[in-house]
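Peer 1: I would like the atomic coordinates for the input below:
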Amino acid sequence: MNLKTKIIKIEGKSSEAFFQNLITNDIKLLENNQALYSAMLTPQGKFLADFILLKDLNFLFFEVNKNNAEELVNLIKKYDLRKSLKISIQEKMKTYFILYKKTPLNIINKIKKIKILKENESFMFFDPRKDNFLLRIWSYGESLNSLPQELDLSISEKTLNLERIKNSVPDSSIDLEKEKSFILNYNFDALNAISFTKGCYIGQENTSRQNYRGKIKYILKTIKLIEGKFPQPHETLFFKNQKIGTMKSHVENYGLALLRKDFFEVNKEFSLDKFDAKLLVI
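Peer 2: Below you'll find the predicted structure:
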């Protein structure tokens, strides 16, 4: 299945130094021939965009949610005061995925050795957010026929989202709110999106303060529906007349919720006020 994403290509001699001052992760890790997950924040440390990126030759490629591609391009241009970058959306390059557990063993072994497997104009690599989660494939349409025949690209979007939710991985287009959400509430540290050692970037001060003071009150958690039905995304959740969190995306009987840490550490199973739902925190 083709994911609802777009690939942005960045060209420019100083592109890596430019992005090192903007993104939450350490772009120098790209030199290890690996993909990175990262984000851009407001000066106050609130979420603006997230993306998966890799380096090929002298280019950088960013994979972003389809609906956010133009917005990210404009955001990058805003900071590119010298107009030193060439930015283009690769309309013909698409993202496909395979669940890790459905990936042929010979492909797994190859990628474990070299991290990014490039064949013709296709890139295959493991999703950098979680181990044993997804195999991602970036490919131009005409290059699909050159991929190994044993790769099954027919898995549904519903299957992807179910796997994502079970792994507590947010979909930023659904679960986060731009210019409002703090990424530490959404597991971005556990998803390998943040470097706390690389130095300054926009929004770094507040993010680091939240991390080192350990005062994160709400955490994105996977919840399982035991009885009833899930509230709609962004509904406020109450337990015994006290606010305990906010509902996020859900598929079948698994969902994500932003829950108060002091609540779920004590209450693993609970019933919601106002909603016919009995839930279990995974």
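
Peer 1: C-alpha from now on. contacts and neighbour counts both.
Peer 2: OK.

Peer 1: Domains in this protein, by residue range?
Peer 2: Annotated domains of the chain cover 5-166, 217-282 [automatic domain parsing].

Peer 1: possible to save these as CSV with mean pLDDT, mean neighbour count and distance to Glu177?
Peer 2: Listed next are the domains of the chain as CSV, based on pLDDT from 0 to 100; neighbours: other Cα atoms under 10 Å; distance: least, Cα to Cα, whole Å:
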stretch, mean pLDDT, mean neighbour count, distance to Glu177
domain 5-166, 94, 17, 7
domain 217-282, 97, 18, 10
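
Peer 1: With distance to Ala190 added, can I get the ones you listed in TSV?
Peer 2: Listed next are these as TSV, based on distance: least, Cα to Cα, whole Å:
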stretch	distance to Ala190
domain 5-166	8
domain 217-282	11
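
Peer 1: Of all these, which one is nearest Leu191?
Peer 2: domain 5-166 (4.4 Å; Cα to Cα).

Peer 1: got the end-to-end distance for the closest one?
Peer 2: 21 Å (Cα to Cα, to the nearest Å).

Peer 1: got it, and stretch 116-128?
Peer 2: End-to-end distance of stretch 116-128 (Cα to Cα): 11 Å.

Peer 1: quick one: buried residues of the helix or strand hosting Gln210?
Peer 2: Secondary structure assigned from DSSP states H and E places Gln210 in helix 204-213. Neighbour-count burial for helix 204-213, counted by 16 or more other Cα atoms under 10 Å, picks out 204, 207-208, 210.

Peer 1: circling back to that earlier point, ok, which of the domains of the chain comes nearest Thr197?
Peer 2: Closest among the domains of the chain, using Cα to Cα: domain 5-166, at 8.5 Å.

Peer 1: what about that closest one, distance to the chain center?
Peer 2: 10 Å (Cα atoms, centre = their mean, to the nearest Å).

Peer 1: so what's Asn161 up against?
Peer 2: Neighbour list for Asn161: Val251 [criterion: Cα atoms under 8 Å, 6 or more residues apart in numbering].

Peer 1: related to what we said a few turns ago, what's the average pLDDT for the helix holding Gln210?
Peer 2: The average pLDDT within helix 204-213 is 95.

Peer 1: Pull the CA coordinates from the helix or strand that it is followed by and hand them back as CSV.
Peer 2: As assigned by DSSP H and E, the chain's next helix or strand after helix 204-213 is strand 218-228. Taking C-alpha atoms only, strand 218-228 is exported to CSV below (Å, rounded to 0.1, in the frame of the first residue of the first chain):
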residue,chain,number,x,y,z
TYR,A,218,0.5,13.7,30.4
ILE,A,219,1.8,10.8,28.3
LEU,A,220,0.4,9.2,25.1
LYS,A,221,-0.6,5.7,26.0
THR,A,222,-2.0,2.7,24.1
ILE,A,223,-5.4,1.7,25.5
LYS,A,224,-7.5,-1.4,24.8
LEU,A,225,-11.3,-1.3,24.7
ILE,A,226,-12.8,-4.0,26.9
GLU,A,227,-16.4,-2.9,26.8
GLY,A,228,-18.5,-0.3,24.9
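
Peer 1: I'd say Glu262 and Lys217 touch.
Peer 2: If you look again at residue 262, you'll see it is Asp, not Glu. Yes: with contacts counted by Cα atoms under 8 Å, Asp262 reaches Lys217, the gap being 7.5 Å.

Peer 1: isn't there a strand covering Leu191?
Peer 2: No: per DSSP: H, G, I helix; E, B strand; the rest coil, Leu191 lies outside any strand segment and is coil.

Peer 1: thinking again about what came up before, of the buried residues of helix 204-213, just say which sits nearest to Met40.
Peer 2: Met40 lies nearest to Gln204 out of those, by Cα to Cα, at 10.0 Å.
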